[in-house]
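Visitor: Any chance you can model this:
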Amino acid sequence: MPHELMDEAAKSKSCMPSPRLTEVVLHPEEAFDKKLFQHFLQTKFQQELKDGLKVIPLRRSIDARGKNVKVKVVFQIANPSEIKTAYQKPEAKVSGKPVIIVGAGPAGLFAALRLLEFGLKPIIIERGKDVQSRRRDIAAINKEHKVNGDSNYCFGEGGAGAYSDGKLYTRSVKRGDVRRILEVLAAHGAPDDIRFDAHPHIGTNKLPKVIAAIRQTILDCGGEILFNSRVIDFIADDEMKGVKLANGDSLTGHAVILASGHSARDIFFLLQQKKWKLEFKPFALGIRIEHPQPLIDSIQYHTNMRGCLPAASYSLAQQVERQARKRGVFSFCMCPGGFIVPAATSSGEVVVNGMSPSRRDSPFANSGIVMSIEKEDTGKFLKHQELSGLYFQQDIERKACAAAGGNQTAPAQRMVDFVNRKISGTLPDTSYVPGISSADMRETLPPFICDGLRFAFEQFGKKMKGYLTNEAVIVGAESRTSSPVRIPRDETLQHVQLKNLYPCGEGAGYAGGIVSAAMDGERCAEAIVRKINGTTNS
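Guide: Numbers count the residues shown, from 1 in each chain. Model (predicted):
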């Protein structure tokens with residue numbers, strides 16, 4: 001098959017210095033069939049490989065702008081000695097005074113790994129269960145509509161990302177070393193292609209094994225992890241000393257990294273009770289929309305025959321008017337070939353999220369479609385000051401529950417019916433296992449969000465012909481996109497009022513996904529090392 005070489009220098013027969021980059025355009029079969037991909041690599045770079053050079057794919061991206069879909073792959077060609085590994089597992093055991101980490105999500109786990117590299121002992125405190133044991137509680141939500149407040153899609157080892165997709169794409173490239181995070185995950189069993197896919201994804205079926213492997217590294221190196229251990233108080237005077245647990249135990253250490261996640265509302269309430277500074281943080285809220293995956297494939301790939309291409313995704317955004325100001329309505333956590341899942345953390349609320357298995361082979365495509373929320377939007381909840389967004393979220397989740405019957409069944413409308421303010425007489429098949437019930441989404445969402453979504457859907461239908469259809473169903477409420485609260489910290493990453501407290505990750509308002517949370521966990525760990533060593537750089 002023909003290949004289009006984009007690197008003019010590579011066309012020269014002259015000896016090129018190493019390392020160098022070469023971009024190649026492949027047919028989809030060559031790019032995504034592992035055997036064909038390896039055959040291409042061995043054939044195209046036969047001479048380089050004979051010369052003892054390494055040929056490493058750095059980035060693989062799909063270009064579907066033309067009639068025929070192409071896949072661009074950037075390769076690095078280098079001497080093995082010039083290739084640096086971003087991560088190596090720690091070997092030495094650590095002991096002594098620990099660093100306390102609250103939360104075993106990506107921020108907490110990666111903070112622990114980084115501390116181990118510097119010879120410090122982490123103790124992770126996780127309110128939920130280990131990642132394997134969480135499965136039973138997640139099954140109970142889906143099948144029995146029972147929500148365990150400490151073990152669910154949001155709480156437990158691996159955090160909210162463990163059973164909601166494992167997408168690794170991030171725009172937070174200035175906050176840390178993205179490549180290092182991917183190398184850590186690959187070193188613990190994640191697929192190698194996360195190192196070079198433009199939108200890397202592990203999959204909900206594979207990510208738990210990666211998380212369990214990270215746990216084993218932490219334990220092997222002398223760290224500790226306490227499951228089913230909920231923090232109910234902090235030990236502090238003029239600085240943070242440690243934490244108190246629900247079972248009566250207390251733990252102290254060098255510092256406390258607070259990585260409790262965006263849904264740990266009890267932690268926010270505790271901080272407010274102690275009058276430690278918090279801030280409202282803008283967030284986004286809306287619904288999940290689900291289309292047949294073949295429809296999205298045909299729109300994006302311009303053909304009904306997807307072949308070996310992965311399930312197609314999309315990214316949409318639209319500005320809408322809100323009180324004479326522009327607000328964004330945008331797609332969030334798009335899950336091709338995925339499922340809608342129940343993400344409530346207590347009974348009496350309905351929250352939906354999305355996930356995909358590694359093969360993305362579900363017949364459905366779902367995405368959050370959400371609207372930016374500012375403090376003034378929270379209306380009657382402004383009396384709660386910095387927690388007004390939290391109460392606003394909670395109110396909508398309770399309304400979603402009431403609108404659909406009072407359990408984990410979710411309110412739903414066909415897409416065009418919603419735009420036309422019509423209650424749907426029937427609903428299409430859905431991936432949401434607890435079930436959906438026809439309802440007027442105006443019973444769940446405030447009028448300004450409904451109006452913004454309607455306008456955005458009409459515009460999205462113009463951008464993607466066929467997207468605005470009654471084959472699609474909207475399901476509510478998508479409310480846990482990010483934390484509605486920020487725990488402010490200074491330039492040393494410590495809380496602005498309390499030394500030795502390091503607010504971290506999504507729950508503290510400094511991340512928006514697995515990779516950015518992991519990078520923030522590493523940054524907090526490095527900040528602690530600098531403070532202990534009395535240095536300004538790690």
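Visitor: Which residue ranges of the stretch 1-150 of the chain form strands?
Guide: 4-5, 20-26, 54-63, 70-78, 98-102, 121-125 (DSSP state E, counting those that start in this stretch).
Visitor: Please identify the most buried of the ones you listed.
Guide: Most buried of the strands of the stretch 1-150 of the chain by mean neighbour count (mean count of other C-beta atoms under 10 Å) is strand 98-102; its value is a mean of 27. All C-beta atoms are positioned from the backbone trio N, CA, C, and that covers glycine.
Visitor: chain center to that one: distance?
Guide: 23 Å (C-alpha atoms, centre = their mean, to the nearest Å).
Visitor: Who are the packing partners of that strand?
Guide: With contacts taken as 3 or more C-beta pairs under 8 Å, 6 or more residues apart in numbering; DSSP states H and E, strand 98-102 sits against helix 106-117, strand 121-125, strand 240-245, strand 250-252, strand 256-258.
Visitor: ok, back up a step: between the strands of the stretch 1-150 of the chain, which one is closest to Ser313.
Guide: Ranking the strands of the stretch 1-150 of the chain by proximity to Ser313 (C-beta to C-beta) places strand 54-63 first, at 9.3 Å.
Visitor: quick one: low-confidence parts of the stretch 51-200 of the chain?
Guide: Within the stretch 51-200 of the chain, the stretches with pLDDT under 70 are 165, 171-175.
Visitor: how close does the residue nearest to Pro19 when sequence neighbours are not counted sit to Gln47?
Guide: Distance criterion C-beta to C-beta, 6 or more residues apart in numbering; nearest residue to Pro19, sequence neighbours excluded, is Ala78 at 3.2 Å. Ala78 sits 15 Å away from Gln47, going by C-beta to C-beta, to the nearest Å.
Visitor: again, but for Gly158
Guide: Taking C-beta to C-beta as the measure, Gly158 falls 44 Å from Gln47.
Visitor: Strands of the stretch 251-400 of the chain, start to end?
Guide: Using DSSP E, counting those that start in this stretch, the strands found in the stretch 251-400 of the chain span residues 256-258, 279-280, 283-292, 317-322, 325-335, 339-342, 352-355, 364-373.
Visitor: What distance do you get for the residue nearest to Ser367 when sequence neighbours are not counted to Asn205?
Guide: In space, and not counting its chain neighbours, Ser367 is closest to Met334: 3.9 Å by C-beta to C-beta, 6+ apart. Between Met334 and Asn205 the computed distance is 18 Å (C-beta to C-beta).
Visitor: picking that back up, with distance to Ser482 added, can I get the strands of the stretch 1-150 of the chain in a markdown table?
Guide: As requested, these are exported to a markdown table (distance: least, C-beta to C-beta, whole Å):
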| stretch | distance to Ser482 |
| --- | --- |
| strand 4-5 | 40 |
| strand 20-26 | 34 |
| strand 54-63 | 26 |
| strand 70-78 | 31 |
| strand 98-102 | 19 |
| strand 121-125 | 22 |
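Visitor: nearest to Gly354, of those strands?
Guide: Closest among the strands of the stretch 1-150 of the chain, once you apply C-beta to C-beta, is strand 54-63, at 20.2 Å.
Visitor: That closest one packs against which elements?
Guide: Using 3+ C-beta pairs under 8 Å, 6+ apart, the elements in contact with strand 54-63 are strand 70-78.
Visitor: can I have the strand it packs on written out in PDB, keeping just the CAs?
Guide: Coordinates of each C-alpha in strand 70-78 appear next as PDB, following Å, rounded to 0.1, in the frame of the first residue of the first chain:
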ATOM      1  CA  LYS A  70      -6.100   8.700   7.000                       C
ATOM      2  CA  VAL A  71      -4.000   8.000  10.100                       C
ATOM      3  CA  LYS A  72      -0.900  10.100  10.800                       C
ATOM      4  CA  VAL A  73       1.900   8.500  12.800                       C
ATOM      5  CA  VAL A  74       5.000  10.300  14.000                       C
ATOM      6  CA  PHE A  75       8.000   8.100  14.600                       C
ATOM      7  CA  GLN A  76      11.200   8.900  16.500                       C
ATOM      8  CA  ILE A  77      14.400   7.200  15.200                       C
ATOM      9  CA  ALA A  78      17.200   7.200  17.700                       C
END
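Visitor: Mind giving me the packing neighbours of that strand?
Guide: strand 20-26, helix 28-32, strand 54-63.
Visitor: domains of this structure?
Guide: The record's domain parsing of the chain by automatic domain parsing lists 4-80, 98-279+485-533, 282-478.
Visitor: how long is the longest one from one end to the other?
Guide: The stretch domain 98-279+485-533 measures 15 Å between its terminal residues, going by C-alpha to C-alpha, to the nearest Å.
Visitor: again, but for the last one
Guide: Chord length of domain 282-478, first to last residue, is 15 Å (C-alpha to C-alpha).
Visitor: where in this protein is pLDDT low?
Guide: 1-18, 165, 171-175, 536-538.
Visitor: Helices of the stretch 301-450 of the chain, start to end?
Guide: 388-403, 415-419, 447-463 (DSSP state H, counting those that start in this stretch).
Visitor: sorry, that was for the stretch 151-300 of the chain
Guide: Listed in chain order, the helices of the stretch 151-300 of the chain (DSSP H, counting those that start in this stretch) span 178-187, 207-220, 265-273, 293-301.
Visitor: Could you save these as CSV and add columns showing distance to Tyr169?
Guide: Output for these, formatted as CSV (distance: least, C-beta to C-beta, whole Å):
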stretch, distance to Tyr169
helix 178-187, 10
helix 207-220, 15
helix 265-273, 27
helix 293-301, 17
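Visitor: possible to save the ones you listed as TSV with mean neighbour count?
Guide: As requested, the helices of the stretch 151-300 of the chain are exported to TSV (neighbours: other C-beta atoms under 10 Å):
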stretch	mean neighbour count
helix 178-187	20
helix 207-220	19
helix 265-273	17
helix 293-301	20
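Visitor: Nearest to Arg322, out of those?
Guide: Nearest of those (C-beta to C-beta): helix 265-273, 25.7 Å.
Visitor: if we can go back for a sec, so can I have a markdown table of the domains of the chain showing distance to Lys89?
Guide: Shown next, in a markdown table, are these (distance: least, C-beta to C-beta, whole Å):
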| stretch | distance to Lys89 |
| --- | --- |
| domain 4-80 | 20 |
| domain 98-279+485-533 | 6 |
| domain 282-478 | 23 |
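Visitor: what's around the nearest residue to Phe40 once chain neighbours are set aside, how many residues?
Guide: Using C-beta to C-beta, 6+ apart and skipping the chain neighbours, the partner closest in space to Phe40 is Glu30 (5.1 Å). Neighbour count for Glu30, taken as other C-beta atoms under 10 Å: 21.
Visitor: Touching, Glu30 and Thr43? I think so.
Guide: No. At 10.4 Å, Glu30 does not count as touching Thr43 under the criterion of C-beta atoms under 8 Å.
Visitor: Select, out of the helices and strands packed on strand 70-78, the one closest to Gly223.
Guide: Closest to Gly223 of the helices and strands packed on strand 70-78, according to C-beta to C-beta: strand 54-63, at 31.5 Å.
Visitor: Measure how far that closest one is from the centre of its chain, please.
Guide: From the chain centre to the centre of strand 54-63 is a distance of 23 Å (C-alpha atoms, centre = their mean).
Visitor: now it and helix 293-301, what's the angle there?
Guide: Taking axes from the mean of the first three to the mean of the last three C-alpha atoms, to 10 degrees, one finds that strand 54-63 is oriented at 100 degrees with respect to helix 293-301.
Visitor: list the contacts for the residue lying closest to Ser298 once chain neighbours are set aside?
Guide: Ranked by C-beta to C-beta, 6+ apart and with sequence neighbours excluded, the top spatial neighbour of Ser298 is Asn304, at 5.2 Å. Contact partners of Asn304, counting by C-beta atoms under 8 Å, 6 or more residues apart in numbering, are Pro294, Asp297, Ser298.
Visitor: Show me which of the residues you listed is closest to Ala517.
Guide: For these, the minimum distance to Ala517 (C-beta to C-beta) is 30.7 Å, reached by Asp297.
Visitor: In this structure the closest one contacts Ala311, no?
Guide: Yes. Assessed by C-beta under 8 Å, Asp297 is found in contact with Ala311 at 6.8 Å.
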